[in-house]
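S.K.: Mind looking at a prediction? Sequence and model below.
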Amino acid sequence: MFMLLPLDSEALRFNVKCDPDLALELREQYPCVIPGYHMNKKHWNTIIVDGTVPFKQIKEWIDHSFQLVKGKKK
């Protein structure tokens, strides 16, 4: 699992997996990035899509999350 998207939220937000060091950096740099809601706060961020971050950047965060879990086959 690399992304969680609630369907009952008024504001668009989603959780993505993230490298722990990068997760902290993103939280410090962007107010719309917060620790992962109902997730391991070390490895997950919640992204609130509020227009303050370009879509290209958001797509990079989603791609990063996918790459983290892509190679982990059980």
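M.R.: That came in fine, so what should we check first?
S.K.: At the geometric centre of this protein, which residue do we find?
M.R.: Among the residues of the chain, the one closest to the centroid is residue 16, at 3.1 Å (C-alpha atoms, centre = their mean).
S.K.: Mind pulling up the pLDDT for residue 17?
M.R.: pLDDT for residue 17: 96.
S.K.: Could you report the separation of it from residue 49?
M.R.: Separation of residue 17 from residue 49 (C-beta to C-beta, to the nearest Å): 17 Å. (Each C-beta comes from the backbone N, C-alpha and C, glycine too.)
S.K.: Neighbour count: these two, which is higher?
M.R.: residue 17 (23 against 13; other C-beta atoms under 10 Å).
S.K.: what sits opposite residue 33 in the beta ladder?
M.R.: In this entry, residue 33 is beta-bridged to residue 47, by DSSP bridges.
S.K.: sec struct for the residue nearest to the centre of the chain, please.
M.R.: Classification of residue 16 using DSSP: H, G, I helix; E, B strand; the rest coil returns strand.
S.K.: dump the residue contacts of it.
M.R.: Residues in contact with residue 16 (C-beta atoms under 8 Å, 6 or more residues apart in numbering) are 2-3, 44-45, 47, 61-62, 64-65.
S.K.: what's across from it in the sheet?
M.R.: Under the criterion used (DSSP bridges), residue 16 bridges to residue 3, residue 45.
S.K.: From here on, call the first residue 3.
M.R.: Sure, I'll start counting at 3 from here, so that last one is residue 18.
S.K.: Just give me the neighbour total for residue 5.
M.R.: With other C-beta under 10 Å as criterion, residue 5 counts 15.
S.K.: and it, what does it touch?
M.R.: Per C-beta under 8 Å, 6+ apart, neighbours of residue 5: 16-19, 64, 67-68.
S.K.: Tell me the one among those residues nearest to residue 37.
M.R.: residue 17 (9.7 Å; C-beta to C-beta).
S.K.: And the helices in the chain?
M.R.: Using DSSP state H, the helices of the chain run over residues 22-31, 57-72.
S.K.: Switch these over to TSV; also include mean neighbour count, mean pLDDT and distance to residue 42.
M.R.: Converted to TSV, the helices of the chain look like this (neighbours: other C-beta atoms under 10 Å; pLDDT from 0 to 100; distance: least, C-beta to C-beta, whole Å):
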stretch	mean neighbour count	mean pLDDT	distance to residue 42
helix 22-31	14	97	10
helix 57-72	13	95	13
